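J.: below are the sequence and a predicted model; questions follow.
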Amino acid sequence: MSKEQSIKRRNWNQIGPYLLVAPALIYYTLFWIRPVFKAFMISITDASGHLSLENFRLVFQDPTFIPAAQNTAIIVIFSVTLEFVAAMALALLINRKFKGSGILLFIAMIPMALAPVALGAMWKTGFTTHGWVNSFLTYIGVLDIGEKIIFLSGESNTKNLILIILIDAWQVIPSMMIILLAGLQGLPKEMMEASYVFGANRWTTLRKITMPMLRATIQTAVILRLISALQIWLTIVMLFGFGRVPVLLSRVIYYNEEVPNLANSFRMSSTYSVVIAVIITIVAILYLRVSGAFGRKNGGESA
Amino acid sequence: MNLKSMKKKANLATIYIISVAIIFTILIPVYFIFSISFLSTREAYQYPLPLFPELRSKIKLENGERGVLLSIYDKRNDEYETLLDTTDFKKMSTYMRVNLSLNYTPEELEEKSKLLLTQTQVVFKAGKDVMHNYKTFFQVTRDAVPALIRSIQIAIITILISLSIGGTAGYTLARYQFKGKHTLKFSILFVRMFPGVAIAMPMVIILANMGLYDQPLGLSLVYSIGSIALTTWITTSIFLGIPVELEEAAQVFGATKLRTFINITLPLALPGLAASSMYAFLGAWNETISALILTQFKPTFAVVVYQALYGSTGQVNLTAAGGICMAIPTLIFTFIIRKYINQMWGDVSV
């Protein structure tokens, strides 16, 4: 009886886990692997159904492709750098438990939680010439009464990009600050104290002790941020439409929603989305690699 | 010693100054869109925009050249602004509703203006219909109400799928050692990083073949992909936090595995499961790209608001009302699940 039971248990321990994760595996086979494969197939099939790189040629020859790729790259590089530096500085400055820190942390969660559409509405009502940003600047005395800044003239691409990066920073810095703060508060204080005892100044301690110990948190925060920065589009479209400041993702929506009836609309948006997926996959693999996901089996460090 | 405590106080002061600066920077835009959503159309066309929406307006009726002269008191200039001169009370009623967010029937206005036979002017304070923009948004935006219902449907189906599939996977990852566990864990993380747009495009064909294109269920299937991954991550850490000894004790007393799970483990895991459901809800509620691509005649609420915003140029107060409708559920749920928020951004510490 008891032997029978223990055999039963052993069998369950061998097969059971696989039975329990089977639904997830089946789901991912049907609704993740299959569409990914399909997307890939669509991108390498031309209009007549033959295998070719025709679609990629079309995308790369799309006159808007180069500006879209450039804008995306500029937004990603500058916004992620700015956001990380600012968030790190803020996290270091307020790294202490204090009365009201709960309120600060909750408010800092708001920007990331807001729906892209709600953010779009917020900045659209803000940056029109008669919007609340100019009104606010008038109330605090930065602008004279009746004076207005024209934010969305769209003449200078640099100005547009700066605006987009600032808007993105508003949304991202607070939440990145929370992640880094959580990481900082998990560090043992003794190491930093020891470093001060041995005569290191703040900057050296930060560079030599705090940052290396925070490496895992920083990697997580930055690379996840890179991935979402590659997919910024809605606020840009709300403020500038599809044409003035194109980014890679807005091209997908452009072909799908604005000109859905061109002969190659569907293949264009599909191929654009494949291009985005490839870029993000590279970033994601890079992330999994540095976070130690691949090295684990060889006794690599635990993440 | 004294110097040290002074330094400490100065540090604390710095922390408070920075905190207040952060809070203001975050809340000012949020405040403005909230405040704008309650402005009447007349207020929305003023510049600079009013800081606070007026709750009551002072209205004056006089005998005009053509008929009855309608004026409203303007706080800024401390004088009445003349708006309309008409004998048509229906027109006046419509004008007041559309531009001033004031609800008066033509009969009521006619009644009031009868007083003008005996006096030179009639002045009255009128309570503004604060929800006017919200009502108008739902009236003028085609499909807003059915889209709202659809969005909730989609969110609920997504929660059910991701809790049942992701929850089971999470429990397994927390309780069992098996070959391929790490591979599974990191494939799930990878799925979560994969851009939704690259799934949505091919899904147009796949869902069309299944007869689910432009259907709430089809969109739920797509949202569940990311949401199962997230639920698995969250529930793994929740079940890891529930001591195995409790389950073993129950089994010693003769409970079956299933019974132990239902009576012991599940109740303990409930708060965490609730949190992951809310993440699933937020994911489905906020999502726009897949919804744009995978719907045509049956859009979600996010799509309806997107289209209303993208098309509109002048009506900032309606735009703001639409945005707030999207933001309210998000803010409530974020407040409830604020403890679990770190996992939302893929906190990978296992």
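T.: Looks like it came in fine.

J.: so what's the closest residue to A:Val245 other than its chain neighbours up against?
T.: Leaving aside its sequence neighbours, A:Val245 sits nearest to A:Asn160 (C-beta to C-beta, 6 or more residues apart in numbering or on different chains; 4.9 Å). C-beta coordinates here come from the backbone N, C-alpha and C atoms, glycine included. Going by C-beta atoms under 8 Å, 6 or more residues apart in numbering or on different chains, A:Asn160 touches A:Gly154, A:Phe240, A:Arg244, A:Val245.

J.: next: B:Asp143.
T.: Contacts of B:Asp143 by C-beta under 8 Å, 6+ apart are B:Pro299, B:Val304.

J.: please report how far it lies from B:Val204.
T.: Separation of B:Asp143 from B:Val204 (C-beta to C-beta, to the nearest Å): 20 Å.

J.: related to what we said a few turns ago, reformat the contacts of A:Asn160 as TSV; add distance to A:Ser43 and neighbour count.
T.: What follows is the contacts of A:Asn160, written out as TSV (distance: C-beta to C-beta, whole Å; neighbours: other C-beta atoms under 10 Å in any protein chain shown):
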residue	distance to A:Ser43	neighbour count
A:Gly154	32	15
A:Phe240	27	20
A:Arg244	27	16
A:Val245	25	21
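
J.: I'd like the residues you listed written out as CSV, with distance to A:Thr217 and pLDDT added.
T.: Converted to CSV, the contacts of A:Asn160 look like this (distance: C-beta to C-beta, whole Å; pLDDT from 0 to 100):
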residue, distance to A:Thr217, pLDDT
A:Gly154, 38, 72
A:Phe240, 34, 90
A:Arg244, 37, 88
A:Val245, 32, 91
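
J.: from those, pick the one nearest B:Phe239.
T.: Within those, proximity to B:Phe239 (C-beta to C-beta) peaks at A:Val245, which comes in at 45.6 Å.

J.: helix, strand or coil for the closest one?
T.: Secondary structure for A:Val245, judged by DSSP: H, G, I helix; E, B strand; the rest coil, is coil.

J.: OK, contacts around the closest residue to B:Leu173 other than its chain neighbours?
T.: Spatially, and ignoring its direct neighbours in sequence, B:Leu173 is nearest to B:Thr236 (4.6 Å; C-beta to C-beta, 6+ apart). Going by C-beta under 8 Å, 6+ apart, B:Thr236 touches B:Gly170, B:Leu173, B:Ala174, B:Lys185, B:Val350.

J.: just give me the closest of these to chain A.
T.: B:Val350 (6.5 Å; C-beta to the nearest C-beta).

J.: for the chain, give me the ranges with low pLDDT.
T.: Picking chain A for this. A:1-5, A:8-10, A:291-303 (pLDDT under 70).

J.: wait, chain B was what I had in mind.
T.: If you take pLDDT under 70 as the line, chain B has these spans: B:1, B:312-314, B:339-350.

J.: the stretch 51-200 of chain B: strands as residue ranges?
T.: B:56-63, B:68-74, B:79-86, B:121-127 (DSSP state E, counting those that start in this stretch).

J.: write out the residues of the stretch 1-150 of chain B neighbouring chain A.
T.: Residues of the stretch 1-150 of chain B that fall close to chain A, judged by C-beta under 8 Å from any C-beta of the partner chain: B:11-12, B:14-16, B:18-19, B:22-23, B:25-30, B:32-33, B:36, B:45, B:47-49, B:51.

J.: what's near enough to touch whatever residue of chain B ends up closest to chain A?
T.: Using C-beta to the nearest C-beta, the closest approach of chain B to chain A is made by B:Gly323 at 2.7 Å. Contacts for B:Gly323 (C-beta under 8 Å, 6+ apart) come out as A:Val117, A:Ala118, A:Leu119, A:Gly120, A:Ala121, A:Met122, A:Thr125, B:Ile33, B:Ser37, B:Val305, B:Leu309.

J.: take the residues you listed and keep only those in helices.
T.: Among those, the residues falling in helices (DSSP state H) are A:Val117, A:Ala118, A:Leu119, A:Gly120, A:Ala121, A:Met122, A:Thr125, B:Ile33, B:Val305, B:Leu309.

J.: just give me the closest of those to A:Arg202.
T.: A:Leu119 (36.1 Å).

J.: that closest one reaches A:Leu234, doesn't it?
T.: Yes - A:Leu119 sits in contact with A:Leu234 when judged by C-beta atoms under 8 Å, with a separation of 7.3 Å.

J.: what does stretch A:251-265 rub up against?
T.: A:47, A:55, A:58, A:62, A:64-65, A:68, A:233, A:237, A:242, A:246, A:266, A:268-269, A:272-273, A:276, B:197, B:201, B:289, B:292-293.

J.: go again using 6 Å as the cut-off
T.: A:Ala68, A:Phe242, A:Met268, A:Ser269, A:Tyr272, A:Ser273, B:Val197, B:Leu292, B:Ile293 (C-beta atoms under 6 Å, 6 or more residues apart in numbering or on different chains).

J.: which of those residues fall in helices?
T.: Short answer: those in helices (DSSP H) are A:Ala68, A:Met268, A:Ser269, A:Tyr272, A:Ser273, B:Val197, B:Leu292, B:Ile293.

J.: looking at the residues you listed, which is nearest B:Gly254?
T.: Distances from B:Gly254 to those, taken by C-beta to C-beta, are shortest for B:Val197, at 52.2 Å.

J.: OK, contacts around that closest one?
T.: B:Val197 sits in contact with A:Val252, A:Ser273, B:Ile289, where contact means C-beta under 6 Å, 6+ apart.

J.: now it: how far from B:Ala302?
T.: In terms of C-beta to C-beta, B:Val197 sits 15 Å off from B:Ala302.

J.: number of nearby residues for the closest residue to A:Gly243 other than its chain neighbours?
T.: Closest residue in space to A:Gly243, ignoring its immediate chain neighbours: A:Thr64 at 7.9 Å, by C-beta to C-beta, 6+ apart. Applying other C-beta atoms under 10 Å in any protein chain shown, we find 17 other residues in the vicinity of A:Thr64.

J.: quick check: phi and psi at B:Gly323.
T.: Dihedral pair for B:Gly323: phi -60, psi -40, per degrees, to the nearest 10.

J.: quick check: closest non-adjacent residue to it.
T.: A:Ala121 (2.7 Å).

J.: just the strands in chain A please.
T.: Counting by DSSP state E, chain A has no strands at all.
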